[in-house]
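> What follows is a protein structure lacking sequence information:
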C-alpha cells in the first residue's frame, strides 16, 4: 500500500511568517500579506484531498496575528483622529 506523507502548505508557513513580521519589522504590509496568505492557505488545504496537505493551524495563527495587528492599527488611527483631533478642536475654541 502506497501512502504519501502529507506536505505542509508553503502558503500557510508564509502566512505565519508575515504575521510575526507584522509585529516586528513590516507593520502594515506584513499584516495584509498574513491575512491574504492565511485565507489562501486555508482554502488550499480544504480543497485538497484529505490528509495530503497540512498547515491549517499555521494559517490560522497567521490570520490571527494579521487581523489583530490590523485591528490595533485601525484603533490607533481612530484614536488619533477622534481623540487628538477633538483636543485640537477644543484648543482652537479656547483661543
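Nice, thanks for sending it over. Only a predicted model underlies this, so the values are computations on that prediction, with no experimental measurement involved. Numbering: from 1, shown residues only.

> buried stuff in the helix or strand bottoming out on mean pLDDT in the chain?
Taking mean pLDDT, DSSP states H and E as the measure, the chain has helix 85-94 as its least confident helix or strand, at a mean of 71. Neighbour counts using 16 or more other Cβ atoms under 10 Å place no residue of helix 85-94 among the buried ones. Heads up, the C-betas are built off the backbone N, CA and C, glycines and all.

> Look at residue 4 and tell me its secondary structure.
coil (DSSP: H, G, I helix; E, B strand; the rest coil).

> Would you agree it is in contact with residue 52?
Yes: applying Cβ atoms under 8 Å as the test, residue 4 and residue 52 come out as touching, 6.9 Å apart.

> Ramachandran angles for residue 4?
phi -90, psi 130 (degrees, to the nearest 10).

> Show me where the chain has its strands.
Using DSSP state E, the strands assigned to the chain run over residues 7-8, 53-54.

> Neighbouring strands of the last one in the sheet, and parallel or not?
What that stands for is strand 53-54. strand 7-8 (parallel) (DSSP bridges).

> What average pLDDT does the partner strand get?
On average, the pLDDT along strand 7-8 is 95.

> Name the residues that touch that strand?
52, 53, 54, 55, 58 (Cβ atoms under 8 Å, 6 or more residues apart in numbering).

> ok, longest helix in the chain?
helix 56-78 (DSSP state H).

> Any idea how far that helix is from the middle of the chain?
4 Å (Cα atoms, centre = their mean, to the nearest Å).

> ok, and the closest non-adjacent residue to the residue positioned nearest the centre of the chain?
Centroid-nearest residue in the chain: residue 66, 1.6 Å away (criterion: Cα atoms, centre = their mean). Nearest residue to residue 66, sequence neighbours excluded (Cβ to Cβ, 6 or more residues apart in numbering): residue 34, at 3.2 Å.

> what do you get for residue 11?
residue 41 (3.9 Å).
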